[in-house]
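Colleague: Based on what follows, work out the 3D shape:
(chains A, B, C, D and E)
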Amino acid sequence: MRIDGHVFEDPLAPDDDIRPTTMQPIVRENRDTGQRDLVLARWGFIPPWQKPGEKPPPTTFNARSEGVEKAGMWKRAFERHRCLVPADAFFEWQKIRPRNNPKFAFTLDGTAPFAFAGLWSAWKDPANGHWLQSFTVLTTDANETMQPIHTRMPVILQPKDYARWLSRDESAQPPLDLLRPLPEGLHCEPVENEPGMATNPIAQKDIPTKGADADQPGLFGDSL
DNA sequence: CCAGACGTTGTT
DNA sequence: GTCTGG
DNA sequence: CCAGACGTTGTT
DNA sequence: GTCTGG
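Modeller: From the prediction side, this is the model:
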């Protein structure tokens, strides 16, 4: 992603279970130097009008790309605060039951890093003057690969579009055309479930192994 | 004009 | 901060 | 969204 | 079952 500016100093621990509210690296263009900085930011966008002590809105870790240029929460960030969110995989659950849904990993070729389209926010806590960086990941319709698993997917950008997405030039054409499902190259594979769980998503529907509905002889349930 | 919302995914 | 609904 | 907690009295 | 934290 051609980071040529500042890089945050804290090392990152390996993490394959990244969740909202944790601090994660994003890439953004420095307003003054034009360089690409790697910055730690909270996954879960803090709106500029956030007041100290009040809870932030509960679901700002994704932003629908449809209408992002108009929606109050996202409008300004879409104009001036776009970023890349580096990743090499993401997960989605196929909603076939209320619980214990099968989990799938989505990658490009298994290991290659890629970038989600993100928006960032810099919020100064009026109480103590501390700055909090935060971000959201844009979503769009699922592509052909994701369709069977989930109706939505994160926007994945092509490297050739990184510069335009990161640009903070408001006189340029807004990069709405980049907010579309990844046309090709997405790979899907099931993630091994917890021990005792069926892995075949179709078979699993009919073979509950845990909880109150576990009635299969020979399987150990929750009770001791 | 002021007041109040500002968000997502999935609805077993 | 900015938009929308009343 | 999913995962994990969810509680009180009284005290090793 | 439902709420909260991540």
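Colleague: switch to C-alpha atoms for all contacts and neighbour counts from now on
Modeller: Will do.
Colleague: Look up which helix or strand residue A:41 falls in, please.
Modeller: Taking DSSP states H and E as the criterion, residue A:41 maps to strand A:36-43.
Colleague: Show the secondary-structure elements that that strand is packed against.
Modeller: Where contact means 3 or more Cα pairs under 8 Å, 6 or more residues apart in numbering; DSSP states H and E, strand A:36-43 is packed against strand A:23-29, strand A:131-141.
Colleague: Out of the ones you listed, flag the one nearest DNA strand D.
Modeller: Across these, DNA strand D has its closest neighbour in strand A:131-141 (12.3 Å, Cα to the nearest atom of the strand).
Colleague: which residues sit against that closest one?
Modeller: A:40-46, A:60-66, A:85, A:116-125, A:151-155, A:179-181 (Cα atoms under 8 Å, 6 or more residues apart in numbering).
Colleague: Drop anything exposed from those.
Modeller: When the contacts of strand A:131-141 are checked for burial by 16 or more other Cα atoms under 10 Å, the buried set is A:40-46, A:60-65, A:85, A:116-124, A:152-155, A:179-181.
Colleague: Which ones among those residues map onto strands?
Modeller: Judged by DSSP state E, these include A:40-43, A:62-64, A:85, A:116-124, A:152-154 as members of strands.
Colleague: Also near DNA strand B: which of these, exactly?
Modeller: A:62-64, A:152-153 (Cα under 7 Å from any atom of the strand).
Colleague: want to throw those residues into CSV with pLDDT?
Modeller: Listed next are those as CSV, based on pLDDT from 0 to 100:
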residue, pLDDT
A:62, 93
A:63, 93
A:64, 92
A:152, 92
A:153, 94
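Colleague: contacting residues around residue A:84?
Modeller: Counted by Cα under 8 Å, 6+ apart, residue A:84 has contacts A:26-28, A:115-118, A:162, A:166.
Colleague: Out of the residues you listed, the closest to residue A:91 would be?
Modeller: Closest to residue A:91 out of those is residue A:116 (13.2 Å), distances taken as Cα to Cα.
Colleague: mind checking how far the residue nearest to the spatial centre of chain A is from residue A:125?
Modeller: Taking Cα atoms, centre = their mean, the centroid of chain A lies closest to residue A:137, which sits 4.7 Å from it. The gap separating residue A:137 from residue A:125 is 23 Å, by Cα to Cα, to the nearest Å.
Colleague: Then residue A:190?
Modeller: Residue A:190 is 42 Å from residue A:125, by Cα to Cα.
Colleague: Then residue A:172?
Modeller: Counting by Cα to Cα - residue A:172 and residue A:125 are separated by 32 Å.
Colleague: Please look at residue A:113 and residue A:106 and confirm they touch.
Modeller: No - using Cα atoms under 8 Å, residue A:113 is not in contact with residue A:106, being 11.8 Å away.
Colleague: need the helices and strands packed on strand A:36-43 in CSV with mean pLDDT and distance to DNA strand E, can you?
Modeller: Output for those, formatted as CSV (pLDDT from 0 to 100; distance: least, Cα to the nearest atom of the strand, whole Å):
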stretch, mean pLDDT, distance to DNA strand E
strand A:23-29, 94, 9
strand A:131-141, 93, 13
